[in-house]
Each structure stands twice: as C-alpha cells, then as structure tokens.
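Undergrad: here is my input; please provide its structure:
(one chain, ligands or ions: 1)
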Amino acid sequence: MSATTLSQPPSLTIADRCDRCGAQAFIRAVFVAGELTFCGHHGRELLMPLQRDAVLVEDATDLINSAPSPSANSD
Ligand SMILES: [Zn+2]
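TA: This is a model prediction of the structure:
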C-alpha cells in the first residue's frame, strides 16, 4: 500500500493508450523508472499489483461512460 489512487486525474487524454491492447487509457501507473497506462479492462485487472508497486496510480475509470471514445472497448 504505497501508491495513492486519485479519483479524478486531469492528465489522461484520448491520446493515452493501453499498453496491453491499445484502447484508450483510463488508468496510469507511475513508477520510479517510468509509467504504464491501461484501459479500464486491463487497469482493473492489474489494479492491485499496480497500487502495491507503483509510486502513483491514477484511476479515471469513472470517466469511461462520461467521455466515450470511438475506440473505447466494452468490457
Ligand atoms: Zn487494455
């Protein structure tokens, strides 16, 4: 339990893509050596280890339905 989870980060944009599947990213995990971004599906899948290992986890999955993207995948 080292990472802080933000509920409404302003920094993720439509240009941020999931590192696993390329969908729009809604979760960003910041590590000492860099950062990873994930879509809602993969972010939720990895949220526990990310929150354990990352310096900061930004969770914007609550924006998925309020900011639809042409490339958004449904879970
Ligand atoms: Zn993904």
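
Undergrad: how about the residues of this structure near the ion?
TA: Neighbours of the ion within the chain, by CB under 5 Å from the ion: Cys18, Arg20, Cys21, Ala23, Cys39, His42. No exception for glycine: its C-beta is placed from N, CA and C like everyone else's.

Undergrad: now the buried members of those residues.
TA: Cys18, Arg20, Ala23, Cys39, His42 (16 or more other CB atoms under 10 Å).

Undergrad: next structured bit after the least confident helix or strand in the chain by mean pLDDT?
TA: Lowest by mean pLDDT, DSSP states H and E among the helices and strands of the chain is strand 4-6, with a mean of 64. Next along the chain after strand 4-6, taking DSSP states H and E as the criterion, comes strand 27-31.

Undergrad: how about the residue nearest to the spatial centre of the chain: what's its closest non-neighbour residue?
TA: By CA atoms, centre = their mean, the mean C-alpha position of the chain lies nearest to Ile27, the distance being 0.8 Å. Residue nearest to Ile27 in three dimensions, not counting chain neighbours: Gly43, with 3.0 Å by CB to CB, 6 or more residues apart in numbering.
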